[in-house]
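J.: the following comprises the amino acid sequence and a computationally predicted model.
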Amino acid sequence: MLKIKTMWKLFFLVILLTQLGQAQSSDQAKRLLDKTATQMAAYDNMQFDFTYVLENQKEQIRQETNGKVTVEKEKFLLEIPEATQLFDGQKKYTIIPENEEITITEGAAEDDLGFNPTALLNFYQEGYDFQMDILQKVMGKPIQFVKLTPQATDTGIDYLLLGIAVNTSEIYRIIEIGNNGTRTTLTIDNFQKNKTLAPGLFVFDASRYPDFYINQ
C-alpha cells in the first residue's frame, strides 16, 4: 500500500511540474512576443524583402512568391511581381498591371494577396495560446520559435510557428500549418529600419495609371 501511495504522489508531482513548466513556457513566450512587437513598433519605418511559400504535398502544390515591403506605422507599400499594394492609412490601393486595373478599398484588412504587413506586430494578441518551441540556427542565426495554437476550432489552422531572431528581437519567419495539410512560410530577409524614405511614398497618384480601370 505504501508503494502504491508513493507511486500516485510521484504521478501527481510529475503532472504538477509539467503544468508549471507549460505555464512558465507560455509566460516566457508571451514576454518574447511582446518584447518583439514593442521594439519593432518603435521603429520609424521598416523595409524588408520576403519569400512566401505555399506547399501541400498531398495535392502536389508548391507556390513561391518573392516581394518587398516598406512599412511606416500603419502605412505600407507591398510589391510582388504580379501586383503592388499601397495603404495610405485610410484606403488600400491594389494595382494589377497585367489587367490594367486598380481596386480601392477602405482599411487594410487582408485580402487575396494574403498578407497585411502591419499585422505582423499584433496578429498574435488575441485568439492564440503560446508555447516556447525550438531554438535553432537558420543561416547561421539563432532563431527562437514560438508556437501559437488558435483557441477557436474553426480557423482552418492547426498552429503557427513564429521565429524571432535572438540577437535582434525581430521577426524572421512565420510558418502556418493548416489542418488541410497546407503549409505556408513567410521568411523575412534584408531587414532595414529607420530609413530615409522618398517623399510621397505612401501617396496614391492616379496620374501614373492613365489607362487603368479603377474599381472602388
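T.: Arrived safely. Numbers count the residues shown, from 1 in each chain.

J.: assign the spatially most central residue of the chain to helix, strand or coil.
T.: By C-alpha atoms, centre = their mean, the chain has its centre lying nearest to residue 120, at 4.5 Å. State at residue 120, reduced to three classes by DSSP: H, G, I helix; E, B strand; the rest coil: helix.

J.: my guess is it contacts residue 173. True?
T.: No - using C-beta atoms under 8 Å, residue 120 is not in contact with residue 173; the gap is 11.4 Å. Every residue, glycine included, has its C-beta placed from N, CA and C.

J.: and the gap between the residue nearest to the centre of the chain and residue 100?
T.: 30 Å (C-beta to C-beta, to the nearest Å).

J.: and for residue 58?
T.: 37 Å.

J.: and the strands in this structure?
T.: Applying DSSP state E to the chain gives strands spanning 46-56, 61-72, 75-80, 83-87, 91-96, 101-106, 128-138, 141-150, 157-165, 170-178, 183-193, 213-215.

J.: which stretch among the ones you listed comes nearest residue 26?
T.: Residue 26 sits nearest to strand 128-138 of all the strands of the chain, at 5.2 Å, using C-beta to C-beta.

J.: could the C-alpha coordinates of the closest one be exported in CSV?
T.: This file holds the C-alpha atoms of strand 128-138, laid out as CSV (Å, rounded to 0.1, in the frame of the first residue of the first chain):
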residue,chain,number,x,y,z
TYR,A,128,-4.0,32.2,-29.5
ASP,A,129,-2.3,30.1,-26.8
PHE,A,130,1.5,30.4,-26.7
GLN,A,131,4.3,28.0,-26.0
MET,A,132,8.1,28.3,-26.4
ASP,A,133,9.2,25.9,-29.2
ILE,A,134,12.7,25.0,-30.6
LEU,A,135,15.7,27.2,-30.7
GLN,A,136,17.7,26.6,-33.9
LYS,A,137,20.2,28.2,-36.2
VAL,A,138,18.9,29.3,-39.5
